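Novice: The following block contains a protein sequence and its predicted model.
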Amino acid sequence: MIRIAPSILSADFARLGEDIDRCTGADLIHVDVMDGHFVPNITIGPPVVASLKKHTSVPLDVHLMIANPQQYVEAFAAAGADIITLHAESDVHLHRAIHQVKALGRQVGVSLNPATPLCMIEEVLPDLDMVLIMSVNPGFGGQKFIDASLDKIRRLRAMISATGKDISIEVDGGVTMDNIAQIHRAGADTFVAGSAIFSTPDYGHTINALRQQCR
Ligand SMILES: O=C(CO)[C@H](O)[C@H](O)COP(=O)(O)O
Ligand SMILES: [Fe+2]
């Protein structure tokens with residue numbers, strides 16, 4: 001399975017619906033939620049997710065880069081998030097937060113910053129639908145892929161194999177036409193791409209080309 005998830009952080013917020021419609025072939029729409037505390041940037045909240053839900057049938061992949069995620073999980077689930085991903089660094093009670101998302105009937109992911117080791121999720125890995133490896137420091141689009149992420153993805157794939165469960169590895173940050181095949185070979189199956197898609201004239205064509213690079 002290969003999933004391409006355009007990150008609307010790089011879309012034109014004044015024409016969000018139109019930009020999403022132009023993402024033909026997208027498997028997920030990646031929604032970056034930033035609060036100005038956990039990361040040094042502010043983006044969007046549940047009302048925008050609710051509007052997107054009404055606009056598109058593509059599943060919404062909500063990446064929470066916020067402090068106290070447990071306080072907001074219910075609102076994002078009610079707004080229509082299909083996958084809710086929290087950062088391991090943002091909640092010392094990660095187990096509770098994961099089970100809060102599951103109890104709301106949503107798929108759950110946990111994200112790790114580039115400096116956070118894989119052992120942070122060892123105890124909760126079998127509970128997860130997805131692990132999101134940040135391949136840039138979160139907060140902004142258009143940054144360069146951190147090459148050390150490749151080895152981290154390989155080690156995570158081995159950890160997942162040992163669980164015997166079907167857990168996705170999503171990679172977010174600096175994914176391009178030039179490196180997506182290498183990231184796929186390392187073990188990732190879900191690819192977030194913001195600037196690599198929204199800086200091109202034909203988003204659908206670029207999504208298809210990114211997928212073809214993995215084949
Ligand atoms: O979570 C994110 C940043 O914190 C974004 O999803 C990510 O940066 C995508 O942008 P690009 O593909 O341009 O790197
Ligand atoms: Fe993201």
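Specialist: That came through, no problem. Residues are numbered from 1 along each chain as shown. Ligands and ions are numbered 1, 2, ... in the order given.

Novice: quick one: the helices in this structure?
Specialist: Remark: helices assigned in the chain by DSSP state H are 16-21, 46-55, 73-79, 94-103, 149-163, 180-186, 195-198, 203-213.

Novice: Could you give the average pLDDT over stretch 164-172?
Specialist: Taken as a whole, stretch 164-172 has an average pLDDT of 98.

Novice: distance between the ends of it?
Specialist: In stretch 164-172, first residue to last residue: 24 Å (CA to CA, to the nearest Å).

Novice: what's next to that stretch, contact-wise?
Specialist: 1, 3, 5, 7, 30, 61, 63, 85, 109, 111, 125-126, 128-136, 138, 149, 153, 156-157, 160, 183, 187-192 (CB atoms under 8 Å, 6 or more residues apart in numbering). In short, each C-beta sits where N, CA and C put it, glycine included.

Novice: 6 Å instead, please
Specialist: Contacts with stretch 164-172, where a contact means CB atoms under 6 Å, 6 or more residues apart in numbering, come from 126, 128, 130-135, 156, 160, 183, 187-192.

Novice: That one and ligand 2 in contact?
Specialist: Yes - with CB under 5 Å from the ion as the criterion, ligand 2 is reached by stretch 164-172 at residue 172.

Novice: ok, and for that stretch, which residues are buried?
Specialist: Buried residues in stretch 164-172, defined by neighbour count with 16 or more other CB atoms under 10 Å: 167-172.

Novice: what does stretch 31-49 give?
Specialist: 31-35, 38-39, 43-46, 48-49.

Novice: Quick one: those residues as CSV, columns for distance to residue 177 too.
Specialist: Formatted as CSV, the buried residues of stretch 31-49 follow (distance: CB to CB, whole Å):
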residue, distance to residue 177
31, 23
32, 21
33, 27
34, 26
35, 31
38, 30
39, 26
43, 25
44, 27
45, 32
46, 33
48, 28
49, 29
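
Novice: Would you format those residues as JSON lines with distance to residue 24 and pLDDT included?
Specialist: Output for the buried residues of stretch 31-49, formatted as JSON lines (distance: CB to CB, whole Å; pLDDT from 0 to 100):
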{"residue": "31", "distance to residue 24": "18", "pLDDT": "98"}
{"residue": "32", "distance to residue 24": "21", "pLDDT": "98"}
{"residue": "33", "distance to residue 24": "25", "pLDDT": "98"}
{"residue": "34", "distance to residue 24": "27", "pLDDT": "98"}
{"residue": "35", "distance to residue 24": "31", "pLDDT": "98"}
{"residue": "38", "distance to residue 24": "32", "pLDDT": "98"}
{"residue": "39", "distance to residue 24": "30", "pLDDT": "98"}
{"residue": "43", "distance to residue 24": "24", "pLDDT": "98"}
{"residue": "44", "distance to residue 24": "23", "pLDDT": "97"}
{"residue": "45", "distance to residue 24": "27", "pLDDT": "98"}
{"residue": "46", "distance to residue 24": "26", "pLDDT": "98"}
{"residue": "48", "distance to residue 24": "21", "pLDDT": "98"}
{"residue": "49", "distance to residue 24": "21", "pLDDT": "98"}
